[in-house]
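[1] Structural data only, the sequence is not supplied:
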């Protein structure tokens, strides 16, 4: 199963490292990543593959909540098909 991870917040060191560490420790593979900084705002979207993990999307979202709180970010995880259907034009 694939999922989409979105991260938004004030740019600071370590965002990518902390988010990717949670994913790594959960056996979640990053398939694609796009990130940019708009003025001082960090934005990132990742497509991840969850085939090798026993964790659910909810489990990963809960684990990322600690990074979200620690770094003052907004992090959201959704199944790819839900994300795609919500963002269809």
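    Yes, it's here. A quick note: this is a predicted structure, and the numbers were derived from the prediction, not measured.

[2] hey, let's count contacts and neighbours off CA atoms from now on
    Fine.

[3] buried stuff in stretch 1-14?
    The neighbour-count check on stretch 1-14 (16 or more other CA atoms under 10 Å) flags 2, 3, 4, 5, 6, 7, 8, 9, 10, 11 as buried.

[4] Pull up the pairing partners for the host helix or strand of the fifth one, direction included.
    Remark: residue 6 resides in strand 2-10, with elements defined by DSSP states H and E. In its sheet, strand 2-10 lies beside strand 41-49 (antiparallel), strand 73-79 (antiparallel), with partners assigned from DSSP bridges.

[5] Next, format the buried residues of stretch 1-14 as CSV and append pLDDT.
    Below are the buried residues of stretch 1-14 laid out as CSV (pLDDT from 0 to 100):
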residue, pLDDT
2, 94
3, 94
4, 95
5, 97
6, 95
7, 98
8, 98
9, 97
10, 97
11, 96
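
[6] from those residues, which single one is nearest residue 24?
    Relative to residue 24, the closest of the buried residues of stretch 1-14 is residue 5; by CA to CA it sits at 13.5 Å.

[7] Okay, and the beta partners of that closest one?
    residue 46, residue 77.

[8] Kindly provide the whole-number mean pLDDT of the biggest helix by length in the chain.
    Secondary structure of the chain read by DSSP state H shows that its longest helix is helix 57-71. The pLDDT scores in helix 57-71 average 95.

[9] now for it, which elements pack on it?
    Contact analysis of helix 57-71 by 3 or more CA pairs under 8 Å, 6 or more residues apart in numbering; DSSP states H and E lists helix 15-25, strand 73-79 as its packing neighbours.

[10] out of these, deepest packed?
    Of all the helices and strands packed on helix 57-71, strand 73-79 has the most neighbours on average by mean count of other CA atoms under 10 Å, namely a mean of 19.

[11] quick one, phi psi at residue 38?
    phi -110, psi 110 (degrees, to the nearest 10).
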